[in-house]
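Asks: here are the coordinates; sequence isn't available:
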């Protein structure tokens, strides 16, 4: 079953860059890689390029607040987006022309990390990811790559079908990642399992475990007051999905133990920090596993 995001209005290309000031290190981190990051964070500028569609861009825009809060003052980001399949890697390649500021940043060797996403059956073949990898490595041999696994579209599907779609496309992405790692053994490729977190949110909501949500889909509701899991029938996320996703990205990319992150999520009856940590650590299983 395909995700349908084609009805989305085209998001204008968003390009922004921000260099942040120093912030107190108020989180605990885990792993040797995190320790290395901590050792270099004070002076090193790290530039991220985020490219994706409307299930991705709002999270990328909000994410910029977190690395500086966690003691990475050299963090800066560029964001580029397109609606629906136009946000897939293959179509982003066409949307960002020669001479674009983003291409100039890459060609100057100033992009250290590229974060992409996925759209089924359009612009997300292995060759689409390889094109960006080859291009980035030509100018910066140490470029790192992340692929965000988005949550399925809603489209009034049952929880079982929602889980099935999410599992299917997550498995496809795992296969793509494996092929990239084999072709580029010296590069770092990481999958961000954001979609599994959203599937878990829907599971818990349908079990009645998230009383802070007024309903599943705002567009379907008679009473529009309160927060919903999705804002429309397509499945664009409301605030809770965006909040959880930011925490998952932070835990995966920067190895931050978000359970101890001094940041108010705004929720008291669901521990999004704990859930994000479980997702990042691979403790939320694929549906049916």
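Replies: Now that the structure is in, tell me what you want to look at. Predicted model, so just to flag it, every value in this text is computed and none were measured.
Asks: What is the burial count for residue 170?
Replies: Using other Cβ atoms under 10 Å, residue 170 has 22 other residues around it. Quick note: C-beta positions are derived from backbone N, CA and C, even for glycine.
Asks: Can you pull out the residues in contact with whatever helix or strand it lives in?
Replies: Here residue 170, judged by DSSP states H and E, is contained in helix 159-183. By Cβ atoms under 8 Å, 6 or more residues apart in numbering, the residues outside helix 159-183 that reach it are 1, 3, 118, 120, 124, 126, 129-130, 133, 145, 147, 149-154, 157, 187, 189-191, 193, 195-196, 198-199, 202-203, 206, 286-289.
Asks: I'd like to know which of the residues you listed are buried.
Replies: 3, 118, 120, 124, 129-130, 133, 145, 147, 149-154, 187, 189-191, 193, 195-196, 198-199, 202-203, 286-287 (16 or more other Cβ atoms under 10 Å).
Asks: I'd like to know which of the residues you listed are part of strands.
Replies: 145, 147, 189-191 (DSSP state E).
Asks: from those residues, which two are the most distant?
Replies: 145 and 191 (10.0 Å; Cβ to Cβ).
Asks: Quick check: neighbours shared by those two?
Replies: Common neighbours of residue 145 and residue 191 (Cβ under 8 Å, 6+ apart) do not exist.
Asks: In helices, which of the contacts of helix 159-183 fall?
Replies: 126, 129-130, 133, 195-196, 198-199, 202-203, 206 (DSSP state H).
Asks: Out of the ones in strands among the buried ones among the contacts of helix 159-183, the closest to residue 261 would be?
Replies: Checking these one by one against residue 261 (Cβ to Cβ), the nearest turns out to be residue 190, at 19.6 Å.
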